[in-house]
Each structure stands twice: as structure tokens, then as C-alpha cells.
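*Asks:* Generate a structure from the sequence data that follows.
(2 chains)
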Amino acid sequence: MDIYDEVMELAKRRGFLWPSFEIYGGTAGFYDYGPLGARLKRNIEDLWRKFYVVGEGFYEIETPVIGLEEIFRASGHLSSFTDPIVECESCKEFFRADHVEDRCPVCGGEFGEVSEFHLMFRCFIGPGSKRAGYLRPETAQGMFIDFPRLLRFFREKLPFGVVQVGKAFRNEISPRQGLIRLREFTQAEAEIFIDPHDKSHPRFDEVKDEVLILFPQDADEASRWKLADAVEQGIIANEFLAYHIYLTYRFLIGVGISEDRLRFRQHEADEMAHYAADCWDAEILLDRLGWIEMVGIADRTDYDLKAHEEVSKADLGVFMPYREPKVIERMAIKPNMQLLGPRFKGSAKRIADALSQIDAGSLGDQEITIELDGEAVTLTRDMFEITRVKEEIRGEKINLHVIEPSYGLDRIFYAVMEGAFFEEEVEGERRVVMRFLPNLAPIQVCVLPLLGARDELLKISRKIHDDLRKRGLIAEHDESGTIGRRYRRQDEIGTPFCVTVDYETLEDNTVTVRFRDTMEQLRVRIDELHAWLISELGI
RNA sequence: GCGGCAAUAGUCUAGCGGUAGGACAGGGGCUUCCCAAGCCUCUAACUCGGGUUCGAAUCCCGGUUGCCGCACCA
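*Replies:* Numbering: from 1, shown residues only, chains lettered A, B, ... in the order given. This next block holds a predicted model:
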């Protein structure tokens, strides 16, 4: 068994992860998070919110999992996620229909019918099949679609960010490798809308001297880069992106990923979506699976907003005032309504409008002929006035650019599990410990009575357990088996602290606190236990 | 999707034509109570469907699922 097998075995056995639909035979690409897994995942998500919602001041929204067909036509998923495929009738190999000639490149055999393969799950909204919907293949689109509302919510103050944590769905052809490629998975994405003319970051100064392992697209290998240098030398496209690469780094370190198994790889030119200005993947080195993408951090430019603008016809632009209004002088035509009115009656207004459209700069002292409803109308020189006017242009309407960190939480969950997994020998016995960071551990503390003077100790330990739970801690109580066995049970599910009620407790109201990682012990007064735990757990 | 390999208690595994065995985990009991001790006891499995055979966990065919390779992975 390699580490992957060991981790998955433990995960199954102790209630972290179960293959879905087991009693019906199971289906690849779906996993259930069991009681401990769901808790661990929630803790990871909450920590993510601490970084992005609390730390960065972004806001979380929640949009439907089902999207309309139009959304994915705009986003490009409908065409890029639907491949025409053909099967060779002799060797049964599948090919992209648009990538091959009329004979099989492998064996030269005949092709069968062309069929469509949808990477998006299709469904129908309402009765009948008139309105097609798709399960979203990413959480991002919901945030783009809400752009006009968001812009108003943030009172047009740039930059602003919005996040979404939720399920996304892709009907993968062959899901593999446990949590790495799922058909239903959890994403945490942030969309940060920024001024395309200013991709500096207000807090870049705080991070510019930090050093990360970068693997730029032209490089042969990953190496250490100071962020300021990477931006200056054009390795990372801009400060804003660099800041978010670093934020991703901090988060991944924050869930316990070890630094030497973490790198940022820039997408190759042909791998990068055509609209992206720059894109980096945070990759984690896993034991069996190698370097696996966990997070994508991209500068998506104005692609998404433009695309939705085109399909929806909604205005997804924003008015960007210039620092100084631009003053332009030009010659303008001013219609003389006192003459036009009586002369043209009901058409006068339209004639005046048409006049104002004419570029007056080239006009001499002459009559103007304009066309109105197919008829030529001649306006004599006294019907208008040409004046020099000053005009102020205060800004322009543009589409904002988008910086998008996109996290695959299931993959990160697995990386956390693998990173926490340790086995060691203690007095000839194998000890398996999940060294989750205390703030992520699914169970925060387990209360154990020594079982010598059973009833008395039990009474106290149950009361302590009860009390800790009432005060908001995730606490277990275990009274079966020897004390050593019970410690090991907690080690295996990563409970950072065990609290043991022993004989000394009866004398001085203290308990033993036992540390998961070192197995060291400490005495703590019962009335100080809760505060002690809160501080040690870092919550 | 294709190809190769595989599938036995909660977990890991033995058995490879003739009564399905072990280890760990779990429940109960005795004993012990600060690191998976010991003893007794209980619970618990042949992935599914066909076929061959007197008899199939075992051989054959198919489905399902998993692992590996190919393909796929905006």
C-alpha cells in the first residue's frame, strides 16, 4: 500500500470519505463526505472564508446550481464542453470528430455515426423540454451574471470582489484518482473586478519581498522568485495577480500544506484560455499522483463580462471617469428653432436633431441639405448657427477586468488528508496520526475517564464533556477500552487534544491534557480548561 | 470510451472446483487504567447477472466498480 491507499483506507474506515451510492453498486466520480470528512471540509471552507471574506473584504453570494442555456452559450462552455465524437468501428477507439479525417488514424478503419458528448449535465426547466438548463460546470458564471447588481451594491468603488463556494458539475468521461477528478465537486471561487488601466494592488507593498516557488512557462524548472522581481520582469503579468498568487500560497500553507510540496506553475501558451492575460496554477506534490493542480489564478481580462454583454444585451459596463475631464473644442451647429418651427412644423424637432449630428468643422458659409424620410430638405444659412463650443469628456464606458482565483476544494481536502497522515513506531506498535492543524481538526477534544474508580471519574468526565460542548467545542467522550487504545483512536482521526480525568482530578480539580503529536501531557485546572483549549486550538 | 489488471466481513487479506479462514477494527464480559496488554464471547464477507459442472468464491461470458496506461481534462 502506498500513501494514497493508506489515506483512502483510513478515510473510508473512519468516516471521512465514502464512495457514493455504494448499496446500488456505486458510480465513478462521486464521493460522500462522512461525518468527520464533512466537518473537516467545512473547516477548510470556513478558513477560506476567513482569508477571502474577512481578510480581503469580499462578499459571498449564492447563485443557482442550474444555469440557463444562454449563460453557457455566452461563457463558451456550450461549444467547448460539447465535443463531437466518433468511434472507429474496427478498433473501438474514440476520436474528436473535428480532429480526424474520414478514416481511423490508428487502424485505418471506418468511423460510425458522429455523436455529441456533453461535459455538462443537461436538464430541463419546467414542464416539457422547451427550456434547456445545465448544471453549472463552475461557480464563476453566477457572479458574472450578477455584475450590474454587484456594481451597485459596491457603489461603483473599485476594485471589488465577490466569492462563491459551492458545487459544480462536469460529466467527465472517466473520473479517476479519488477526489482528484469528480463529476460533482466543490469550488471556491473569487471574482475580483478591477480597473483594466490599473492592475496595481493597494497592498502589494506588504507582499512584494515574499519569495515563492514559481515555474514560469518558458522555464525548464521551478525556482524561487521574489514577487517584486517576478512582476518587474514580466514573469507574472501584474501586481494584482501576484498579490493573489501570494494569498493562495498563504491559504494553502494555512491548511497545513508543506512548503516544499507547493509550487506555482504558469500555464503554457497553448494551455491558457485564449482570453486570459495570464494564468497560474497552484500545484501540490502528492505521493502517488505527482504535481496536481489545486487552484487556478487567472487574469481573465474583460472576456466574461463582454461575452455576457453580447448574448444578454445587458449593459455590463462601468463608467470610468478620467482623473481630469478632457476638454475638446469643436464647431457645433445650433439650429434656429424660431425659423425651423414655423417652416417645418411637426418635423422641426427631427430636423434639428439631424443637424446637431453633422460635423460642423468642415462646413463653410453655405446651405445644408439633409435627408428626411427620403426627401431632401434644404436649410438655408439663417436656419442655423455655427459656434465654437468647449466640451468636457469626463470618462469612458468600459468593461472591468477580472482576477479569478478558483479553488478545487475536494482536491485540497485530499491534499490536507495526505499531508496530515503520519505513521510511526511507538514501543514496537504502529501509531497512525492525522496531524491536522488544530483549527481544522474535525473533533477538537476528546474527554476520557480513567476507568479504575469508574463511577466517580465517569461522572466528572461526562460533566466536563457536556460543559465543553455547551460552550461550543466539538467534543467527544470515550469510555470504552484501555486508555492507550482510546488515545490511538483519537490520534487516527486527528483530535489534537485528549482530556483525561484521573485520580488526581479527585484531589485537586485538575485534568491531564494529552497532546496528539508529541503524546506529552500537561495538567490543567478544570475551570481553566475551556479557555486553555480555545487558545491552543487557535479558534 | 478503449486496453491491461483486479474485486472475499467495517478495513486488510488467505483460499483458486468439494464445510469461507485469519488479522485488525467493533459489541458484551472478566481483569487492568496514562499510551492499541491479556483472556472469554459475539457480530460480520465471496461485486452483480448468466453459463459450464453432481458441485463454482474458484472456470467461461457479460454488467458494475476500482487501479494503471491511452484518450479526455475550456
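*Asks:* When you work out contacts or count neighbours from here on, use the C-alpha atoms and nothing else.
*Replies:* Fine.
*Asks:* Tell me the residue of chain A that sits nearest RNA strand B?
*Replies:* residue A:28 (2.7 Å; C-alpha to the nearest atom of the strand).
*Asks:* how about that residue, secondary structure?
*Replies:* Put simply, residue A:28 is coil when judged by DSSP: H, G, I helix; E, B strand; the rest coil.
*Asks:* Report the spatially nearest residue to it, omitting neighbours in sequence.
*Replies:* The shortest distance from residue A:28 to any non-neighbouring residue, by C-alpha to C-alpha, 6 or more residues apart in numbering, is to residue A:175 (6.1 Å).
*Asks:* Pull the number of nearby residues for the one you found.
*Replies:* 17 (other C-alpha atoms under 10 Å).
*Asks:* One more: residue A:321?
*Replies:* Counted with other C-alpha under 10 Å, residue A:321 comes out at 13.
*Asks:* Check residue A:127 too.
*Replies:* Residue A:127, neighbours per other C-alpha under 10 Å, totals 7.
*Asks:* and what of residue A:318?
*Replies:* Residue A:318 - counted by other C-alpha under 10 Å - has 15 other residues nearby.
*Asks:* ok, it touching residue A:395?
*Replies:* No. Residue A:318 lies out of contact with residue A:395 (C-alpha atoms under 8 Å); the separation is 10.1 Å.
*Asks:* partners of residue A:135 in the sheet?
*Replies:* Residue A:135 has these beta-bridge partners by DSSP bridges: residue A:66.
*Asks:* Test for you: state the pLDDT assigned to it.
*Replies:* In this model, residue A:135 is scored at 92, pLDDT.
*Asks:* Could you verify my assumption that it touches residue A:66?
*Replies:* Yes. Using C-alpha under 8 Å, residue A:135 is in contact with residue A:66, at 4.6 Å.
*Asks:* Pull stretch A:32-51 out as PDB, backbone CA atoms only.
*Replies:* C-alpha atoms of stretch A:32-51 as PDB (Å, rounded to 0.1, in the frame of the first residue of the first chain):
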ATOM      1  CA  ASP A  32     -19.800  11.200   0.100                       C
ATOM      2  CA  TYR A  33     -18.200  13.100   2.900                       C
ATOM      3  CA  GLY A  34     -18.800  11.100   6.000                       C
ATOM      4  CA  PRO A  35     -19.200  12.700   9.500                       C
ATOM      5  CA  LEU A  36     -15.600  13.500  10.000                       C
ATOM      6  CA  GLY A  37     -15.000  14.400   6.400                       C
ATOM      7  CA  ALA A  38     -17.900  16.800   6.200                       C
ATOM      8  CA  ARG A  39     -16.600  18.500   9.300                       C
ATOM      9  CA  LEU A  40     -13.000  18.800   8.000                       C
ATOM     10  CA  LYS A  41     -14.200  20.100   4.700                       C
ATOM     11  CA  ARG A  42     -16.400  22.600   6.400                       C
ATOM     12  CA  ASN A  43     -13.400  23.800   8.500                       C
ATOM     13  CA  ILE A  44     -11.300  24.200   5.300                       C
ATOM     14  CA  GLU A  45     -14.100  26.200   3.700                       C
ATOM     15  CA  ASP A  46     -14.500  28.400   6.800                       C
ATOM     16  CA  LEU A  47     -10.800  29.100   6.800                       C
ATOM     17  CA  TRP A  48     -11.100  30.000   3.100                       C
ATOM     18  CA  ARG A  49     -13.800  32.500   4.100                       C
ATOM     19  CA  LYS A  50     -11.500  33.900   6.800                       C
ATOM     20  CA  PHE A  51      -9.000  34.700   4.100                       C
END
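*Asks:* wait, does that stretch make contact with RNA strand B?
*Replies:* No. For a cut-off given as C-alpha under 7 Å from any atom of the strand, stretch A:32-51 has no contacts with RNA strand B; the smallest distance is 12.0 Å.
*Asks:* contacts for that stretch?
*Replies:* With contact meaning C-alpha atoms under 8 Å, 6 or more residues apart in numbering, stretch A:32-51 is reached by A:11, A:14-20, A:165, A:188, A:251, A:255, A:409, A:413, A:439-443, A:493.
*Asks:* Of those, which belong to strands?
*Replies:* Secondary structure from DSSP state E places A:17-19, A:165, A:188 of the contacts of stretch A:32-51 in strands.
*Asks:* one step back: pretty sure the residue of chain A closest to RNA strand B contacts residue A:177?
*Replies:* No. The pair residue A:28 / residue A:177 is not scored as a contact, 9.8 Å apart, by C-alpha under 8 Å.
*Asks:* of the two, who's got more company?
*Replies:* Shown here are residue A:28 and residue A:177; by other C-alpha under 10 Å, residue A:28 has more neighbours (19 against 13).
*Asks:* In contact with that one, which residues are there?
*Replies:* A:174-176, A:182.
*Asks:* Which of the residues you listed ranks first by neighbour count?
*Replies:* For these, neighbours tallied by other C-alpha under 10 Å; top is residue A:182, 23 neighbours.
*Asks:* and the nearest residue to that one once chain neighbours are set aside, backbone torsions?
*Replies:* Using C-alpha to C-alpha, 6+ apart and skipping the chain neighbours, the partner closest in space to residue A:182 is residue A:29 (4.2 Å). Main-chain dihedrals, residue A:29, degrees, to the nearest 10: phi 90, psi 10.
*Asks:* mind listing what residue A:29 touches?
*Replies:* With C-alpha under 8 Å, 6+ apart, residue A:29 has these contacts: A:172, A:174-176, A:178-179, A:181-184.
*Asks:* and the residues you listed as a markdown table, adding pLDDT and secondary structure?
*Replies:* Converted to a markdown table, those look like this (pLDDT from 0 to 100; DSSP: H, G, I helix; E, B strand; the rest coil):
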| residue | pLDDT | secondary structure |
| --- | --- | --- |
| A:172 | 84 | coil |
| A:174 | 80 | coil |
| A:175 | 85 | coil |
| A:176 | 80 | coil |
| A:178 | 87 | coil |
| A:179 | 90 | coil |
| A:181 | 89 | coil |
| A:182 | 91 | coil |
| A:183 | 91 | coil |
| A:184 | 92 | strand |
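*Asks:* now, which of these lie close to RNA strand B?
*Replies:* Okay, of the contacts of residue A:29 touching RNA strand B (C-alpha under 7 Å from any atom of the strand), that's A:172, A:174-176, A:178.
*Asks:* What is the nearest of these to residue A:198?
*Replies:* Using C-alpha to C-alpha, residue A:172 comes nearest to residue A:198 of these, at 38.4 Å.
*Asks:* Name the nearest residue to the residue nearest the centre of chain A, ignoring sequence neighbours.
*Replies:* Among the residues of chain A, residue A:189 comes closest to the average C-alpha position under C-alpha atoms, centre = their mean, at 1.7 Å. Excluding its sequence neighbours, the residue lying closest to residue A:189 (C-alpha to C-alpha, 6+ apart) is residue A:406, at 4.4 Å.
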